[in-house]
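S.K.: using only what follows, build the 3D model:
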Amino acid sequence: MKIIYEEISKLTSKFRTMAYGLTTDKNTVDEAVQELMLYLLQMNKETLKSIYDKDGIDGVTRYGAVALRRALTSPRSNFYYKYTKYYTHIQDYSDIKLDQVVGGCRDIENIPNATNCTYQWTSLEKIDKALDEDFTWYDKKVFQLYYHENNTLDSLAKKTGISRNSLFTTIDKVRVQLKQKLNE
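M.R.: Presented below is the predicted three-dimensional model:
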């Protein structure tokens, strides 16, 4: 196994080159290659040995290339959950000024006077507007019944006679499309 691990360690630059074909961010490439190396070291020894015995170092390289591509492109990979999911949505709040925070709804003096807090209502208005403009009547109605009337999938299925799975698929589709539309 020591020989196999030494051969794998020599593939680092090759894996980096492969990763640059998928992304141009140096930190992402370094993290992905590091995770791949850790994955290869921790994987089942018999599986790794059988790959090496069958195809040599080229087989290990191809196996690593597939694992690297999945790590960088799949939202279900461990790499995505460990790095991409959390770090891509971090915003830089350095441009927010103190008077914007104090004058907004987060000020403790504004708690009794909730009329200044309109951000929640504007978000709901944007959702309703997007539902009116971009979705079919069926998608809109199912989404509204689920969220506005606080129904569960089971109770909504009983009320409408539509299967629970069909309702879930429709609601999930509308939710994903709304996120994409409102984040543009």
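
S.K.: tell me the pLDDT at I96?
M.R.: On pLDDT, I96 comes in at 47.

S.K.: once you drop chain neighbours, what's closest to F135?
M.R.: The shortest distance from F135 to any non-neighbouring residue, by C-beta to C-beta, 6 or more residues apart in numbering, is to V174 (6.3 Å). Heads up, the C-betas are built off the backbone N, CA and C, glycines and all.

S.K.: count of residues packed around the one you found?
M.R.: 24 (other C-beta atoms under 10 Å).

S.K.: check S9 too.
M.R.: Around S9 there are 11 other residues, counting by other C-beta under 10 Å.

S.K.: tell me which other helices or strands the strand or helix carrying T169 touches.
M.R.: Secondary structure from DSSP states H and E places T169 in helix 164-182. The contact analysis (3 or more C-beta pairs under 8 Å, 6 or more residues apart in numbering; DSSP states H and E) places helix 164-182 against helix 119-134, helix 137-147, helix 153-160.

S.K.: flag every buried residue along the first one.
M.R.: What that stands for is helix 119-134. For helix 119-134, the neighbour count (16 or more other C-beta atoms under 10 Å) marks I127, A130, L131 as buried.

S.K.: okay, now the domains of this structure?
M.R.: Under the assignment automatic domain parsing, the domains of the chain span 2-87, 117-182.

S.K.: can you lay out those as TSV showing mean pLDDT?
M.R.: Output for these, formatted as TSV (pLDDT from 0 to 100):
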stretch	mean pLDDT
domain 2-87	86
domain 117-182	83
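
S.K.: measure K82 to N150 for me?
M.R.: In this view, K82 and N150 are 35 Å apart by C-beta to C-beta, to the nearest Å.

S.K.: for those two, indicate the residue with more neighbours.
M.R.: K82 (13 against 8).

S.K.: could I have the helix holding T169 exported to PDB, CA atoms only?
M.R.: Extracted in PDB, the C-alpha atoms of helix 164-182 (Å, rounded to 0.1, in the frame of the first residue of the first chain):
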ATOM      1  CA  ARG A 164     -49.100  14.200  -1.600                       C
ATOM      2  CA  ASN A 165     -46.200  13.500  -3.900                       C
ATOM      3  CA  SER A 166     -47.600  15.600  -6.700                       C
ATOM      4  CA  LEU A 167     -48.200  18.500  -4.200                       C
ATOM      5  CA  PHE A 168     -44.700  18.200  -2.900                       C
ATOM      6  CA  THR A 169     -43.200  18.200  -6.400                       C
ATOM      7  CA  THR A 170     -45.200  21.300  -7.400                       C
ATOM      8  CA  ILE A 171     -44.400  23.200  -4.200                       C
ATOM      9  CA  ASP A 172     -40.700  22.300  -4.400                       C
ATOM     10  CA  LYS A 173     -40.500  23.400  -8.100                       C
ATOM     11  CA  VAL A 174     -42.200  26.700  -7.400                       C
ATOM     12  CA  ARG A 175     -40.000  27.300  -4.400                       C
ATOM     13  CA  VAL A 176     -36.800  26.700  -6.400                       C
ATOM     14  CA  GLN A 177     -38.000  28.900  -9.200                       C
ATOM     15  CA  LEU A 178     -39.000  31.700  -6.800                       C
ATOM     16  CA  LYS A 179     -35.500  31.600  -5.200                       C
ATOM     17  CA  GLN A 180     -33.900  31.900  -8.600                       C
ATOM     18  CA  LYS A 181     -36.200  34.700  -9.700                       C
ATOM     19  CA  LEU A 182     -35.900  36.800  -6.500                       C
END
